[in-house]
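Student: Got a sequence here, can you build the structure:
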Amino acid sequence: MQVKWTHSPSGREVYILRGDRSKLPGSEYQNRTALVMDSIALGNLALRIQDIRPSDEGQYVCEFQSNAYSNRTFLELSVGGLGSTPQIHIVGLEPGGIRVRCVSVGWYPAPQLLWRNSQEEILTPDEILETRSEGGLFNISSSIVLQENNHPALSCAVTAVTHKKMSSVLISALNV
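Tutor: Purely as a prediction, here's the structure:
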């Protein structure tokens, strides 16, 4: 019997179980994979991947071969990383208002950031900066100048796919 798992987009070998029961996880999957064979007599075989990374996303191919039977099946893995709760910081005074920054880290896929006032009106930021960490996760930050005529309540929402995190702040004195 031989079982071989491959990450289809990259061609990387993920895990190989040979007939002599030797197990060979691929180098990028070393110490992160295990073959679950609890129900192999019933035809069930699973690959467990721990410490999921954005680069793990994609299609996997499982090839099973024995003297009496062979089969190939495909599995699609979607990866998502729920980032941190946005942190709102007052940067400082500027002509006409107060600069406020919102920062959130650790998202996958790339998130969207949206500012709103207390009336739920969307505010246009001065800048939005998106960076990517070595591990493939996205970080996002944005700043806006809250002016004297703005509502003093401000919220920053960060959204990726179906996940959303939000923070709000109330700035009590806008006499600049």
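
Student: what about this protein, any weak spots by pLDDT?
Tutor: Across the chain, the ranges flagged by pLDDT under 70 are 21-22, 173-176.

Student: what's the distance between the spatially closest residue to residue 66 that is not a sequence neighbour and residue 20?
Tutor: Nearest non-adjacent residue to residue 66, counting by CB to CB, 6 or more residues apart in numbering: residue 1, 4.4 Å away. No exception for glycine: its C-beta is placed from N, CA and C like everyone else's. For residue 1, the distance to residue 20 equals 10 Å [CB to CB, to the nearest Å].

Student: For those two, indicate the residue with more neighbours.
Tutor: More neighbours surround residue 1 than the other of residue 1 and residue 20, with 14 against 7 (other CB atoms under 10 Å).

Student: Could you check how far the more buried one is from residue 65?
Tutor: In terms of CB to CB, residue 1 sits 7 Å off from residue 65.

Student: for residue 47, same thing?
Tutor: Distance, residue 47 to residue 65, by CB to CB: 16 Å.

Student: and those two? which has more neighbours close in?
Tutor: Taking other CB under 10 Å, residue 47 and residue 65 do not tie; residue 47 has more neighbours (18 against 14).

Student: Phi first, then psi, for residue 54.
Tutor: When read as degrees, to the nearest 10, the backbone of residue 54 gives phi -60, psi -30.

Student: OK, contacts around it?
Tutor: Residues near residue 54 by CB atoms under 8 Å, 6 or more residues apart in numbering: 79, 81, 108-109, 135-137.

Student: these two touch, right, the residue nearest to residue 66 and residue 69?
Tutor: No - the pair residue 1 / residue 69 is not scored as a contact, 9.2 Å apart, by CB atoms under 8 Å.
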